[in-house]
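Turn this into a structure:
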Amino acid sequence: MSEPSAEPVEIRHERGARRVLLRWSDGHESPFALDYLRSWCPCAVCQGHGAETRYLDLHDQELVHLDAVGNYAVCFTWRDGHNTGIYPYRLLRRLCPCGSCGGPKRS
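Just a heads-up that it's a prediction; the model follows:
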């Protein structure tokens, strides 16, 4: 995997493909299916307060809006109104599901 300090240069919601595409400053691309992205929501409601990150295995998720959070993260608003997950860029890079990165194991 490329340097973990790479920054996104583009974040695009591709509605027809049901994904969010991030292009990074090092040229890497991360295509996130909406269900995958929502299933890794990092907020305390979704993850609880334990040390281990859980994959929620959610389906039929629809993205309504996305917002930059400072210069370090993205916040997504989902059709069900959920919007408390702040996804730092470093987390998104670690979650990259592309063929080269493979993303984390779903537990």
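
So R38 lies in a helix, does it not?
Yes. According to DSSP: H, G, I helix; E, B strand; the rest coil, the state of R38 is that of a helix.

Quick check: it touching W78?
Yes. Taking CB atoms under 8 Å as the definition, R38 is a contact partner of W78 at 6.0 Å. Just so you know, the C-beta spots here come from the backbone N, C-alpha and C atoms, and that holds for glycine as well.

which residues do these two both contact?
Q61 (CB atoms under 8 Å, 6 or more residues apart in numbering).

So these two - more neighbours on which side?
R38 (23 against 18; other CB atoms under 10 Å).

got a list of what that one touches?
Applying CB under 8 Å, 6+ apart to R38 gives the contacts L56, L58, Q61, F76, W78, H82.

and the two most separated of these?
Spatial extent of the contacts of R38 (CB to CB) is set by the pair L56 and F76 at 13.9 Å.

quick one: which of those two has more around it?
Using other CB under 10 Å as the criterion, L56 and F76 rank with F76 on top: 23 against 13.

how about the more buried one, what does it touch?
V20, L37, R38, L63, H65, L66, N83, G85, Y87.

What does it show for phi and psi?
phi -110, psi 140 (degrees, to the nearest 10).

ok, back up a step: which of the contacts of R38 fall in strands?
Filtering the contacts of R38 for membership in strands, criterion DSSP state E, returns F76, W78.

Closest to Q47 out of the contacts of R38?
L56 (8.8 Å).

Make sure the closest one is actually in contact with P42.
No. L56 is beyond contact range of P42, at 11.0 Å (criterion: CB under 8 Å).

got the buried residues for stretch 62-70?
Judged by neighbour count using 16 or more other CB atoms under 10 Å, the buried positions of stretch 62-70 are L63, L66.

Quick check: mean pLDDT of it?
Mean pLDDT, stretch 62-70: 97.
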